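Student: Compute the structure for the input listed below.
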Amino acid sequence: MKKILSVFLAGILAFSMAACSGKPAETQAPETQAPETQAQGETQATVEQSVAETVAETVGTEGGSGYTIGFSPYTLTNEYFTAVLNGCQAACDELGCELIYYDPQNDPTKQADQINDMIAAGIDALVYIPYDSAGAQTVLQACKDAGVKVINIDNVVAEEDYELVDGIIASDNTQLGYLSGEWVAKNHPDGANILIVHLQIAESCIINVEGFWKGIEENAADPSKYVEVQVVEGEGSTDAAFNVVSDALQAHDDIDVIYCINDTSALGAVQAIEDAKKTGTIDVLGKDGAPIGKHAIKDGTMVQSSAQRPTYMGYMGVQECVDLLNGKTIEFNTSIASYSIDASNIDDYDLDAWDTLE
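Tutor: Alright, predicted model coming up:
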C-alpha cells in the first residue's frame, strides 16, 4: 500500500477561508510546498478518541484493512478542515486503512490535479469537499471512471452531479442559518439592518443565508422590518472579511447585525467594528461553533454561532467509504443536526474543542 503522501496543516488558529493505516508516517508529496507535521494538541487528540469511541458504538467498525482512502478538502489552512481531517485519520486508524491527503490551498485547479494524483496512486475511495460546488463534475467523472467510491461531505456538489457521488454527508445547512435568524428575530424584536458576509461560491453558504432569512421570517412579528443593507464577499477569511466589513461600515452607519457564514470571517467583522469604534453597537453572528467563535462569544465580541460537527463528519465519511467497499448499502444523503451557541449556554461547551459528542 502507498505511504501517506503528505501533511499540509497550518496552525490550529490560522485565520483564513468559516472534510487508512494506523501508521501515520508522512513523506514528501509531489508538490512545491514543504510538508508540515500534524500537531493539534491534547484537546484535539481527546476529541478524535472520543469521536472514534462514540461513533463506533452506534455505527460499527467492520475492518477496512488494505483500503486506501483519499481525503480532499479545499484548504487545510482553516481549523475547521483540520478538524475534519482529524476525524478521517481517527477512522482510518481504527479501521486499518491508509489515508492520503493534500492541501489545495483554495485552488480548484490544484484540487482537481491532486485528486487525479490520488487516483493514479490507487485510492479505493475519496472523502471529498469541493472548492466549487458547481465545478466538480470533471473530477467526479474521473473518480467514477476509475472505480473510486466518493463520499461528498460538508460542501455539497450541485444536484445534477449527485449521480457521480456514492453518498453525501453534510450539516443541515438550512438549520445552521435558521438558528442564527431565529436569534436575530428574538433579540431584535423591533427589526434590524443586516449586513451579510458571504462566501458565494459555496452552495452550503448559499443555503445558510437562505436559512438565516427563513429563521427571521418564521420567528419575527413583522419580518419586513429586517432589512438587508448589503451583501459583501468575505471569502470565508478573517482578512477579507475585515476589509469588506470596514468598507460597509463606512458606507452604512445604521447596521445593527452582521451575519457571517463562518466564525473565521466573523472575527474579521469583530475587528472591523473595533477599528470603527462601534464595539457594543453591532451584533456579530457566525457559523461553525469553532473554538475561536466560542471564545469570542464568551468574551462578548460575538453573540451567536450555529455549530457543526466536523470531526464527526470526517469520521463518518471514512466509515461510509469502507462500508461501500465492503459491499454494504448506505444512506445516500445524511444530514447532521446543528445547534446554537450563545451567551445563555456557552458555559456548557469546551471552548477549545470542536465537537460535542453526547
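Student: Output the lowest mean pLDDT helix or strand found in the protein.
Tutor: One helix or strand of the chain scores below all others by mean pLDDT, DSSP states H and E: helix 41-59, with a mean of 44.
Student: Just after that one, pick out the following helix or strand.
Tutor: Downstream of helix 41-59, the first helix or strand assigned by DSSP states H and E is strand 68-72.
Student: Assumed residue 322 was part of a strand.
Tutor: No: remark: residue 322 does not belong to a strand; assigned using DSSP: H, G, I helix; E, B strand; the rest coil, it is helix.
Student: was I right about it contacting residue 97?
Tutor: Yes: checked against Cβ atoms under 8 Å, the pair residue 322 and residue 97 is within contact range at 6.6 Å. Quick note: C-beta positions are derived from backbone N, CA and C, even for glycine.
Student: could you pull out the helices for the stretch 201-350 of the chain?
Tutor: Here the stretch 201-350 of the chain has its helices, by DSSP state H, counting those that start in this stretch, at 203-217, 238-251, 263-275, 291-299, 310-325.
Student: Mind giving me the packing neighbours of the longest one?
Tutor: Translated: helix 310-325. Judged by 3 or more Cβ pairs under 8 Å, 6 or more residues apart in numbering; DSSP states H and E, the packing partners of helix 310-325 are helix 41-59, strand 68-72, helix 79-95, strand 125-128, strand 149-153, strand 167-171, strand 333-336.
Student: Nearest the middle, which residue of the protein would you pick?
Tutor: Nearest to the geometric centre of the chain sits residue 80, at 5.2 Å (Cα atoms, centre = their mean).
Student: List the contacts of that one.
Tutor: 18, 262, 264, 288, 290, 308, 310, 354 (Cβ atoms under 8 Å, 6 or more residues apart in numbering).
Student: The fifth one: what's its closest spatial neighbour, skipping adjacent residues?
Tutor: When you say that, I think you mean residue 290. Residue nearest to residue 290 in three dimensions, not counting chain neighbours: residue 263, with 4.2 Å by Cβ to Cβ, 6 or more residues apart in numbering.
Student: And that neighbour, what's its pLDDT?
Tutor: Predicted confidence (pLDDT) for residue 263: 96.
Student: cool, and residue 12?
Tutor: 33.
Student: do residue 200 as well
Tutor: Predicted confidence (pLDDT) for residue 200: 90.
Student: Quick check on it: phi, psi?
Tutor: Backbone torsions of residue 200, given as degrees, to the nearest 10, read phi -80, psi -10.
Student: Residue 230 versus that one, what's the distance?
Tutor: Plainly put, residue 200 is 13 Å away from residue 230 if you go by Cβ to Cβ, to the nearest Å.
Student: Give the buried residues for stretch 184-203.
Tutor: 184-185, 188, 191-199, 201-203 (16 or more other Cβ atoms under 10 Å).
Student: Next: stretch 244-254.
Tutor: In stretch 244-254, counting by 16+ other Cβ under 10 Å, buried: 244-246, 248-249.
Student: swap in stretch 105-116?
Tutor: 105-106, 108, 110-115.
Student: nearest residue to residue 215 other than its sequence neighbours?
Tutor: Computed as Cβ to Cβ, 6+ apart, the closest residue to residue 215 that is not its neighbour in sequence is residue 181, at 2.3 Å.
Student: does the one you found belong to a helix or a strand, and which?
Tutor: Following DSSP H and E, one finds residue 181 within helix 173-187.
Student: just the angle between that helix and strand 167-171, please?
Tutor: Between helix 173-187 and strand 167-171, the angle comes out at 10 degrees (axes from the mean of the first three to the mean of the last three Cα atoms, to 10 degrees).
Student: Residue 107 touches residue 114, doesn't it?
Tutor: No: at 9.4 Å, residue 107 and residue 114 do not qualify as touching, with contact defined as Cβ under 8 Å.
Student: where does the stretch 151-300 of the chain have low pLDDT?
Tutor: Low-confidence segments of the stretch 151-300 of the chain (pLDDT under 70): none present.
Student: before we move on, the earlier item: pick the one among the buried residues of stretch 184-203 closest to residue 150.
Tutor: Comparing the buried residues of stretch 184-203 against residue 150 with Cβ to Cβ picks out residue 203 as the nearest, at 16.3 Å.
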